[in-house]
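>>> Fold the following, please.
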Amino acid sequence: MPEKMLVPARHEPTDVGARFIWIGVALLLTSVLGLTLLVFELFPNAVLDRTMRLPLAQYPNPQLQSDDREDMTKFYTEEMHRLNSAGWVDKAQGIVHIPIADAMTKVVQEGIPGWPVPQEKRP
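Predicted structure coming up:
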């Protein structure tokens, strides 16, 4: 049996020709230019002048907390005083606020107008 002989290894003298590369570069540049024009057409206001106008508007300084514990204690005290006291909300229309405990007792005794009545309280 004769031995098989392999053909000696060869290589291609050039992989890609210069003409193919120049066509690729031209297609790439044309694509980039075309897509740029398409973006400008789709988003015409995206190229507005975004420079800052002087003078800048003056805004008030932020009210920073110097002592947050004291502020929270003061807020809590004011809210508890309002919840547990009576006073006018709108004197001209005769609207007052009453202590929260009294309001809850009144709701339990009288109910809320238009609120569904539980099954056990229906006559």
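>>> Wasn't residue 81 part of a helix?
Yes. The assignment for residue 81, made by DSSP: H, G, I helix; E, B strand; the rest coil, places it in a helix.
>>> which SSE is residue 69 in?
In this structure, residue 69 sits in helix 68-83 according to DSSP states H and E.
>>> The helix or strand harbouring residue 24 - contacts with which helices or strands?
Taking DSSP H and E as the criterion, residue 24 maps to helix 18-42. With contacts defined as 3 or more Cβ pairs under 8 Å, 6 or more residues apart in numbering; DSSP states H and E, there are no secondary structure elements packing on helix 18-42. In short, each C-beta sits where N, CA and C put it, glycine included.
>>> Can you give me the buried ones in it?
Residues of helix 18-42 include none that count as buried (16 or more other Cβ atoms under 10 Å).
>>> Check the offset of that helix from the chain's centre.
Put simply, helix 18-42 sits 37 Å off its chain's centre (Cα atoms, centre = their mean, to the nearest Å).
>>> again with stretch 103-112
Using Cα atoms, centre = their mean, the distance from the centre of stretch 103-112 to the centre of the chain it belongs to is 41 Å.
>>> Let me see the domain layout of the chain.
By the record's domain assignment, the chain is partitioned as 18-47, 78-113 (automatic domain parsing).
>>> So which of these is nearest residue 119?
Of all the domains of the chain, it is domain 78-113 that lies closest to residue 119, at 14.0 Å by Cβ to Cβ.
>>> May I have the distance across that closest one, first residue to last?
Domain 78-113 has its terminal residues 30 Å apart, counting by Cα to Cα, to the nearest Å.
>>> I'd like the average pLDDT over it.
Regarding domain 78-113, the rounded mean pLDDT is 91.
>>> now residue 58, what's its secondary structure?
Going by three-state DSSP, the secondary structure assigned to residue 58 is coil.
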